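# sequence isn't available, so here's the structure alone:
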Ligand code: DC
């Protein structure tokens, strides 16, 4: 039977960095579900749809076929066959993904893809509703978080390192808005699963978080 690890938490908690490196170490597949929502969001943006146009989102999302490939261990998200990895990491796409992921038709569209990957492979899957909704039977569940200030500073440092201009206060505001939406939506809101281990990484380094999670997984294998 495939071994499933679910990591949920708010934007900027370090889920993808940690999940990627734990997966590489344990030879699991890393599944970034946020990237799938971002691919649908990109499709909506390209078609001129606005974040509050719910009926149009329901209709248009059906045309966005999302699939996943692994190239040298890296997840490549395909949108109607096109590799969209280079276009989905912007704040604009992230904000649209947060808004459009409140739509039940968008969520339903990605559910089978996510469950299917976890049924067939040992996965570390990160997102918002993995432990609570997508993989309720996951052998290990982790709720990874950090204070808004720490998460904003991490994102700021990432963007600056990429040579992008940004404003710390703006990022903080964006993260707070995204938290509010992701945690309070009606369907599959972000929350800690009852059987998830809570990890606040505000004062932890990457290696420490990684080792804590690897120890947890090994104790259940
Ligand atoms: O993790 P991320 O920032 O790439 O995710 C972008 C948005 O996608 C996030 O704000 C909410 C949505 N999302 C979701 O609703 N459920 C998931 N499992 C993953 C992401």
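Noted; the coordinates are in hand. Quick caveat: nothing in here was measured; it's all calculated off a predicted structure.
# quick one: end-to-end distance for stretch 159-169.
For stretch 159-169, the first-to-last residue distance is 14 Å (C-alpha to C-alpha, to the nearest Å).
# state the mean pLDDT of that stretch.
Stretch 159-169 carries an average pLDDT of 91.
# residues of it that come out buried?
Residues of stretch 159-169 classed as buried by neighbour count (16 or more other C-beta atoms under 10 Å): 159, 166. All C-beta spots, glycine's among them, are computed from the backbone N, C-alpha and C.
# that stretch vs the ligand: in contact?
No - against the ligand, stretch 159-169 shows no contacts by C-beta under 6 Å from any ligand atom, the least distance being 13.7 Å.
# how distant is that stretch from the center of its chain?
Its chain's average C-alpha position is 21 Å from that of stretch 159-169, according to C-alpha atoms, centre = their mean, to the nearest Å.
# next: stretch 96-105.
With C-alpha atoms, centre = their mean, you get 13 Å for stretch 96-105.
# for stretch 72-84, same thing?
With C-alpha atoms, centre = their mean as the basis, stretch 72-84 stands 15 Å off its chain's centre.
# first vs last residue of that stretch, how far apart are they?
One end of stretch 72-84 sits 17 Å from the other (C-alpha to C-alpha).
# average model confidence for it?
95.
# buried ones in that stretch?
Here stretch 72-84 shows 75, 77, 79, 84 as buried, counting by 16+ other C-beta under 10 Å.
# tell me if that stretch is near the ligand.
No - applying C-beta under 6 Å from any ligand atom, one finds stretch 72-84 separated from the ligand by no less than 10.7 Å.
# is the residue of the chain most remote from its centre in a helix, a strand, or coil?
Relative to the centre of the chain, the most outlying C-alpha is that of residue 219, 24.9 Å out, by C-alpha atoms, centre = their mean. Residue 219 carries the three-state label helix when classified by DSSP: H, G, I helix; E, B strand; the rest coil.
# ok, it to residue 29 distance?
According to C-beta to C-beta, to the nearest Å, residue 219 and residue 29 sit 21 Å apart.
# please apply the same query to residue 140.
Distance of residue 140 to residue 29, given as C-beta to C-beta: 15 Å.
# the ligand contacts on this protein?
Neighbours of the ligand within the chain, by C-beta under 6 Å from any ligand atom: 11, 33-34, 37-38, 94, 97-98, 101, 127-130, 178, 182.
# that older thread, distance of the residue farthest from the centre of the chain relative to the ligand?
Using C-beta to the nearest ligand atom, to the nearest Å, residue 219 is found at 25 Å from the ligand.
# now do that residue, the pLDDT please.
For residue 219, pLDDT reads 97.
# touching, residue 80 and residue 67? I think so.
No - with contact defined as C-beta atoms under 8 Å, residue 80 does not reach residue 67; the gap is 9.0 Å.
# picking up where we left off before, could you check which of residue 140 and residue 29 is surrounded by more residues?
residue 140 (21 against 18; other C-beta atoms under 10 Å).
# ok, that one - contacts?
Contacts for residue 140 (C-beta atoms under 8 Å, 6 or more residues apart in numbering) come out as 4, 5, 6, 197, 213, 216, 217, 220.
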